[in-house]
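no letters, just coordinates:
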């Protein structure tokens with residue numbers, strides 16, 4: 001997905017098994033952020049920064065939706081442990097990560113593997129991708145400030 005393209009309406013099922021659709025957020029901007037894995041240090045830091053700044057994001061007209069490939073049980077634990085006020089899509093079949101182009105080969109300590117690239121899409125009130133914050137640009141400790149720029 002690229003800036004200027006219309007994001008898909010159906011995003012997936014959340015931690016409660018509920019359908020998440022962009023059309024349910026008409027009139028609001030959506031922060032759709034992809035992250036690699038629940039309970040890891042970087043992903044927890046990023047989620048907690050969004051939690052800590054959630055009221056400011058909401059007051060600016062944003063709704064936050066997380067997405068990763070873990071299952072709903074993992075997301076429920078992650079949300080509960082960190083008291084996250086937003087929903088997380090359980091993209092276990094990799095549909096959303098592939099559709100948005102955030103799934104690919106990664107490398108750590110010389111080992112290559114497939115994974116999710118930490119990427120954030122800002123989607124406007126009409127479902128159009130307005131901005132993309134790329135993996136190397138994301139500051140997990142201050143992600144909300146990057147969104148509010």
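Looks like it arrived, so ask away. This is a predicted model, so every value here is computed, not measured.

going by C-alpha atoms from here, please, whenever you check contacts or count neighbours.
OK.

now do the closest residue to residue 133 other than its chain neighbours against residue 91, distance only.
Leaving aside its sequence neighbours, residue 133 sits nearest to residue 120 (C-alpha to C-alpha, 6 or more residues apart in numbering; 5.0 Å). Plainly put, residue 120 is 15 Å away from residue 91 if you go by C-alpha to C-alpha, to the nearest Å.

of these two, which one has the most company?
Neighbours per residue (other C-alpha atoms under 10 Å) separate residue 120 from residue 91, with residue 120 holding more: 24 against 21.

quick check: the closest residue to residue 38 other than its chain neighbours vs residue 40, distance?
Closest residue to residue 38 in three dimensions, ignoring its sequence neighbours and counting by C-alpha to C-alpha, 6+ apart: residue 78, at 6.1 Å. With distances taken as C-alpha to C-alpha, residue 78 is found 10 Å from residue 40.

which of those two has more residues huddled nearby?
Taking other C-alpha under 10 Å, residue 78 and residue 40 do not tie; residue 78 has more neighbours (20 against 11).

over to the more buried one. Which of the three states is it?
Following DSSP: H, G, I helix; E, B strand; the rest coil, residue 78 is assigned to helix.

before we move on, what about residue 33?
Going by three-state DSSP: residue 33 is strand.

so who does the spatially closest residue to it that is not a sequence neighbour touch?
Leaving out its chain neighbours, the residue that sits closest to residue 33 by C-alpha to C-alpha, 6+ apart is residue 120, at 4.2 Å. Residue 120 makes contacts with 31, 32, 33, 34, 132, 133, 134, as judged by C-alpha atoms under 8 Å, 6 or more residues apart in numbering.
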